[in-house]
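**Student:** all I have is the shape, not the residue letters:
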Ligand code: SF4
Ligand code: SF4
């Protein structure tokens, strides 16, 4: 009889413990009811791509010297540099340049190694098309610039974590024009000079 | 992936490597630059090494976070899955600001990293770590003592110390079985010795022990990042720039220790003659590369030792005699990434 009673007691204890811990877990869940949703309601809200964001490549035709460094550092030798040697001016003459963004992995190697900096990466990331051949951009298409998120009246721009002011963890909490974390080097210099003067 | 490596220069190959283990991307890059770096004796400036450590530890947190989410989701609780994604997104925001992409960073370079940290980055990183420490407490409150969770994982998928060593397990799998083995402590690579941190381990060897090891590692990583932020030579990027202007061209702030890269690798970087094995402690275990160079721009052999592949081999033995439902718990606790298993 005693054994049975102690068993019942243990069971009851277990049940109470279980209820307690589940309630503890539920407290965390219910706490989320008073938090703001962190999701970004694309296309009405858009994140501003970071400054270093590697989106579609921009190309400046006149700067290119047809050296083909971009081809050599590209993992798949993707950029097509079509040039002809012009004997009169003893220089290579660029006829056309194209990158197929259906194949490009946006690694940024070509941008990093181009000696004349004629390549750069834009913030454009929405490249979907109905036909994949449309993704093969020639030098004209490569020279276009995307629209900025901040210039679009239809969308609310939101910043990513690294660009929010210090202490703010969530983009909805502040306006996107508010100053981001970190001082500018100029300000540090000024404060250092003030200190040394006083 | 190994064969692709043998037809690419290291620079060309770097963007590929984040596809091995796409949840702990920084580690694959770290090993890809460490291997030729060590073979060619390229020096790494202290600042670069600190930046690397911050990135690696953030990446470790991201990987453990996702593991936590999927592991709990496998057992049947969907809630933490969304919570961890919220935090993971923040890490990826930080990565995007510093490297240009969320997952495929292409940030490490032979002799350092591709670019210095953007301004204000360290401030936000600090914010994040404090935030994350709080959140880990929250997960623990939600999960650790939950009776259903306990019943599902306690004593399930036990690996003894000897078995763990014999199977060649590594990472949290090994540490949960009572072996104090962490390459950050064993190999002393980067500058992990300058940080004050503790190795996390457990002795039970079951799924619960592996859960504890990983959750504690998340905390430890947060603390390591916080320390690294304090100790980084030159401080934040804006401070470094300001000191350089104040100190003029001959100031100590321009010396090698304060650079983010020792020398930009040329596109024709040659892998010198010789062969060796380098390894790093990835969140899933020992990630190694066996590299043979023959003084050409391409490596002659590039053998990858992925932790997921070797940890996965113990699975048949673990699931023997178990219920079907336990397989999910065990497989989840092994933490495998298929991109790495079949690379
Ligand atoms: S590396 Fe630059 S300059 Fe050279 S071919 Fe490519 S785009 Fe032109
Ligand atoms: S971004 Fe990378 S993949 Fe794309 S063209 Fe440039 S080097 Fe090639």
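**Tutor:** Yep, it's here. Since the model is a prediction, treat every value here as computed from it, not as a measurement. Ligands and ions are numbered 1, 2, ... in the order given.
**Student:** any part of the least confident helix or strand in chain A by mean pLDDT near chain B?
**Tutor:** Lowest by mean pLDDT, DSSP states H and E among the helices and strands of chain A is helix A:185-197, with a mean of 82. Yes - using Cβ under 8 Å from any Cβ of the partner chain, helix A:185-197 reaches chain B at A:185, A:186, A:188, A:189, A:192. To be clear about C-beta, it is placed using only N, CA and C from the backbone, and glycine gets the same treatment.
**Student:** give me the contacts around that helix.
**Tutor:** B:119, B:238, B:239, B:241, B:242, B:245, B:246 (Cβ atoms under 8 Å, 6 or more residues apart in numbering or on different chains).
**Student:** low-confidence stretches in the chain?
**Tutor:** Just so you know, I chose chain A. Scanning chain A for pLDDT under 70 picks out the ranges A:198.
**Student:** can you pull the contacts of the closest residue to chain A within chain B?
**Tutor:** Nearest residue of chain B to chain A (Cβ to the nearest Cβ) works out as residue B:120 at 2.6 Å. Neighbour list for residue B:120: A:162, A:163, A:166, A:180, A:181, A:182, B:236, B:238 [criterion: Cβ under 8 Å, 6+ apart].
**Student:** top of those by number of neighbours, please.
**Tutor:** residue A:162 (28 neighbours; other Cβ atoms under 10 Å in any protein chain shown).
**Student:** so that residue belongs to a helix, correct?
**Tutor:** Yes - counting by DSSP: H, G, I helix; E, B strand; the rest coil, residue A:162 falls inside a helix.
**Student:** for chain B, what spans make up the strands?
**Tutor:** B:108-109, B:112-113, B:274-282, B:285-293, B:301-305 (DSSP state E).
**Student:** just those: most buried one?
**Tutor:** The highest mean neighbour count among the strands of chain B, using mean count of other Cβ atoms under 10 Å in any protein chain shown, belongs to strand B:108-109: a mean of 27.
**Student:** any residue of that one touching chain A?
**Tutor:** No - judged by Cβ under 8 Å from any Cβ, strand B:108-109 stays clear of chain A, getting no closer than 9.2 Å.
**Student:** let me see the residues that make contact with stretch B:323-333.
**Tutor:** B:67, B:70-71, B:74-75, B:152-153, B:156-157, B:207, B:210-211, B:315, B:318-319, B:322.
**Student:** next, the buried residues of that stretch.
**Tutor:** Within stretch B:323-333, the residues scored as buried using 16 or more other Cβ atoms under 10 Å in any protein chain shown are B:326, B:327, B:329, B:330, B:331, B:332, B:333.
**Student:** Throw those residues into CSV and include distance to residue B:283, thanks.
**Tutor:** Formatted as CSV, the buried residues of stretch B:323-333 follow (distance: Cβ to Cβ, whole Å):
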residue, distance to residue B:283
B:326, 24
B:327, 22
B:329, 19
B:330, 18
B:331, 17
B:332, 15
B:333, 14
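**Student:** need the longest helix for chain A.
**Tutor:** If each helix of chain A is counted by residues according to DSSP state H, the longest one is helix A:2-31.
**Student:** immediately after that one, which helix or strand?
**Tutor:** strand A:45-47 (DSSP states H and E).
**Student:** partner strands of that following strand, parallel or antiparallel?
**Tutor:** Neighbouring strands of strand A:45-47 in its sheet, by DSSP bridges, are strand A:156-158 (parallel).
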